[in-house]
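Q: Sequence and predicted structure below; questions after.
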Amino acid sequence: MTSPADRAASDRDASLPSDRPCATAEKLRDDLNQSPVDNASFREVNAKAANKLVDAGILPQCCITSNDSIESASNKHDSKFRDLGNGTTQETRYNGVQLDRNSDGELSHIRYNNDREASAFTYDANHNLTGFQIKEKDGSTHSYTSKDGILTIDAGTDHERKVAGELSADDKGNLFVTENGGDKSNYKKLEFKWCGSEVESNQFGVTRVQDWGGSISKYSYDASGKLNGVDDWGRHVRLNAQGVWTNADGSPSHEKPVLDADGAMTYYKSDGTYLHHTPGGTPSRGRYDGAPPDSGPTPPGDDTPPPVEPPDKPPGTTGGATDLRGGHVLFGAWTDPHDWNKRLYPDALPDFENQIGRDVGLAHRYIPWGDLPDTNSIQKMADRGTQTMLSVGWHGDTKDIAAGKDDQYWKDFANKLKSVDGTVTLRYGWEMDGSWSQDWVHSPKDYVAAYQHIHDIFDQMGVKNVKWSWCPTSAAFSKGTADDYYPGDKYVDWIGGDGYSREDTGYKSFAQIFQPMVDWAAQNHPDKPLMIGETGVSAKPGDQNFKAQWFSDTMDYIKAHPSIQSFVYFDVDQMNDPIGTERAGNFSIDSSTDALAAFKRLANDPWFAAKEY
């Protein structure tokens, strides 16, 4: 977005107001129109169902002893429980998945958060699962029944198939369709994980994973059962006859993939780091000791997106894995004051947070060229659990920077940030590919040289708490210019992009704006997390529902694309902004009641609750 100098001029030497109380668990429950199952219901009416949850480790034993324990344990595990009557219960998990159980504690209905449903559950006298139906997002259905060791798939359709096999389910809500086939060569297992993902396996191991967002990974094995092919997260690697993993072009891969029986993948890199992800979980990163194992890593969590409890580390690792606990996406914002007497940015932030009912995880600030950051306010943010992202470098001549003419400024900047006890994200020279930046960028080569020079200074100064966000416009990915400005993997922690839906450049969906970035990153840098560095949607004349629907669709898109791990909104009414000069539209979240309600749903969705990177 242009004209940051005006926005940043009053963004220095600021103080942070006192913390805003968080919403209570009771208020959150009321917002969801849910209430916990009371003590009597758990103990007397739903004893079987409750004890099954306890036995499965989903609900602690304390939850069936007192109302207080029910509330605290439910909040700890981010599940809400309702008594549906007649001994039946409904559990809503932190990612929106709902599981209904009958009076025997057996599953009766699952509503996944990707518009899938599992229903028509049947059981025999011994409570063994004998049938269920899956309804896909497009409305198509697939049925599975088993009787006397015979599995029938899609009964009564042109695709009906009978094979030796069985159905089963665990108490977490995972469903299993196992085809025995009479011998190992025909063994197949299909698992519908409760989080919405699918895992297919043969006698050797996992062959296909479809995560809850729809992304598909495929794996192959040689005749001895050794993994020899991986198509996953933009990677296409094969194990050659010499036992070396190679890329699609035949060049040696710098990663060794290791897949476990549950579909959890760990990439052990040659630089001593690893990337780990599960079929429906949050990626984690860290370092490992010694040689990578050949097979069977212990996944750092189960199939939940994201894990509720801290994950175990893969074998041979030293820890230090980055886990976005409490959520997947680091939610942030830059906001202009709604009260124009509050000209300093931190003065406006509590108003924004009170509007949405939560604290931001990332506070975005703009620093004018030549200014130094106010570390007092940054530290106060860090102390309350909010990171700060600083956008800096506009109008600093890249040729001068690369030549060392501004070294003292960057050394002072580095020393300032080094003093902060907490992570700070630095977004140098954002939107460098835009026409409005060319008077100081000059060329992609000049920009890359300047970026690398600044990064090297921070390394030389021993700055360890700064993450680097490289952030062109979203158009750079669709126009094919992103590669020219990319400074290299060793210089980038976040791959970012700025893009807006507005009248002068065309009203577009979030997917239309950012899908090229998602595709580019998956193909070229699949292990880099993605950041939406700036985005906003302007109110659309003649369509009062457009903005609210845009927020809802954006939430769904981000939840379906787990490579996006930070979302930073640009909250300002530029049509009535007395500080800035640009008049691109009204991007404020409260331009209408419906828009604000939709944005609050996005901001308070558990997927957007990450507090660290």
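A: Nice, I can see it.
Q: Okay, now the unreliable bits of this structure?
A: Residue ranges of the chain with pLDDT under 70: 1-79, 94-95, 181-185, 212-214, 233-234, 280-286, 293-327, 336-347, 574-584, 612-613.
Q: which helix of it spans the most residues?
A: helix 444-460 (DSSP state H).
Q: Could you give me the buried positions within that one?
A: For helix 444-460, a neighbour-count test (16 or more other C-beta atoms under 10 Å) marks 444, 446-455, 457-458 as buried. For every residue, glycine as well, the C-beta is placed using N, CA and C.
Q: Any chance of the residues you listed in TSV with distance to residue 196 as columns?
A: Shown next, in TSV, are these (distance: C-beta to C-beta, whole Å):
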residue	distance to residue 196
444	40
446	46
447	41
448	40
449	45
450	44
451	39
452	41
453	45
454	42
455	39
457	45
458	40
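Q: Between which two of those residues is the distance greatest?
A: 444 and 458 (21.5 Å; C-beta to C-beta).
Q: now the longest helix of the chain: how far from the chain's centre is it?
A: 29 Å (C-alpha atoms, centre = their mean, to the nearest Å).
Q: Need the contact partners of that helix.
A: Residues from elsewhere that reach helix 444-460, judged by C-beta atoms under 8 Å, 6 or more residues apart in numbering: 393, 396, 398-399, 401-402, 404, 407, 410-411, 414, 428-429, 432-433, 441, 466, 468, 470, 481, 484-488, 491.
Q: Report the buried members of those.
A: 393, 396, 398, 401-402, 410, 414, 428-429, 432-433, 441, 466, 468, 470, 481, 485-487, 491.
Q: Filter those down to just the ones in helices.
A: Checked against DSSP H, these include these in helices: 398, 401, 402, 410, 414, 441, 485.
Q: Strands along the stretch 151-300 of the chain, start to end?
A: 161-169, 175-179, 188-192, 198-201, 206-210, 216-221, 227-232, 235-239, 245-246, 255-259, 265-269, 273-277, 284-288 (DSSP state E, counting those that start in this stretch).
Q: CA atoms of the helix or strand containing residue 108 as PDB?
A: For residue 108, the element it lies in under DSSP states H and E is strand 107-111. Only the C-alpha atoms of strand 107-111 are listed here, as PDB (Å, rounded to 0.1, in the frame of the first residue of the first chain):
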ATOM      1  CA  LEU A 107     -20.600 -41.800  17.000                       C
ATOM      2  CA  SER A 108     -23.800 -40.900  15.300                       C
ATOM      3  CA  HIS A 109     -22.900 -37.800  13.200                       C
ATOM      4  CA  ILE A 110     -19.700 -35.900  12.300                       C
ATOM      5  CA  ARG A 111     -19.800 -32.400  10.800                       C
END
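Q: Which neighbouring elements make contact with that strand?
A: If contacts are counted by 3 or more C-beta pairs under 8 Å, 6 or more residues apart in numbering; DSSP states H and E, strand 107-111 sits against strand 98-101, strand 117-123.
Q: Looks to me like residue 350 is in a strand.
A: No. Residue 350 is assigned helix when assessed by DSSP: H, G, I helix; E, B strand; the rest coil, not a strand.
Q: hmm, back to that, quick check: of the buried residues of helix 444-460, which lies closest to residue 500?
A: For the buried residues of helix 444-460, the nearest to residue 500 is residue 447 (21.9 Å; C-beta to C-beta).
Q: And residue 379, how far from residue 497?
A: 29 Å (C-beta to C-beta, to the nearest Å).
Q: Those two: which has the busier surroundings?
A: residue 497 (29 against 17; other C-beta atoms under 10 Å).
Q: ok so, going back, out of the strands of the stretch 151-300 of the chain, which is closest to residue 544?
A: Comparing those against residue 544 with C-beta to C-beta, the closest turns out to be strand 206-210 (36.8 Å).
Q: Against residue 332, how distant is residue 531?
A: For residue 531, the distance to residue 332 - C-beta to C-beta - is 9 Å.
Q: Quick check: neighbours shared by those two?
A: With C-beta under 8 Å, 6+ apart, residue 531 and residue 332 have common neighbours 566, 567, 568.
Q: Where does the last one sit, in terms of helix or strand?
A: The secondary structure element spanning residue 568 is strand 564-571 (assigned by DSSP H and E).
Q: Show me the beta-bridge partners of the closest residue to residue 587 other than its chain neighbours.
A: Spatial nearest neighbour of residue 587, excluding adjacent residues (C-beta to C-beta, 6 or more residues apart in numbering): residue 536 at 3.4 Å. For residue 536, the beta-bridge partners under DSSP bridges are residue 500.
Q: what's the distance between residue 536 and residue 124?
A: Counting by C-beta to C-beta, the gap from residue 536 to residue 124 is 56 Å.
Q: coming back round to it: any idea which of the ones in helices among the buried ones among the contacts of helix 444-460 is closest to residue 240?
A: residue 485 (34.2 Å).
Q: In contact with that closest one, which residues?
A: 432, 433, 444, 447, 448, 470, 472, 476.
Q: out of those, what pair is the most spread apart?
A: Largest pairwise distance in these, by C-beta to C-beta, is 13.4 Å, between 448 and 476.
Q: Let me know whether residue 206 touches residue 221 as I believe.
A: No. With contact defined as C-beta atoms under 8 Å, residue 206 and residue 221 do not form a contacting pair (9.7 Å).
Q: if you count what's nearby, which of these two comes out ahead?
A: residue 206 (24 against 18).
Q: Can you tell me, leaving aside adjacent residues, what's nearest to the more buried one?
A: For residue 206, the spatially nearest residue (C-beta to C-beta, 6+ apart) is residue 263, at 4.5 Å.
Q: residue contacts, that neighbour?
A: Counted by C-beta under 8 Å, 6+ apart, residue 263 has contacts 199, 206, 209, 278, 279, 303.
Q: If we use 7 Å, what do you get?
A: 199, 206, 209, 278, 279 (C-beta atoms under 7 Å, 6 or more residues apart in numbering).
Q: State the pair within these that is farthest apart.
A: 206 and 278 (11.2 Å).
Q: and the helix or strand containing residue 598, which residues are buried?
A: Per DSSP H and E, residue 598 falls inside helix 593-604. Neighbour-count burial for helix 593-604 flags 594, 595, 596, 598, 599, 600, 602, 603, 604 (criterion: 16+ other C-beta under 10 Å).
Q: my read: the fourth one touches residue 554, true?
A: Just to be clear, that refers to residue 598. No. Residue 598 is not in contact with residue 554 according to C-beta atoms under 7 Å; the separation is 9.1 Å.
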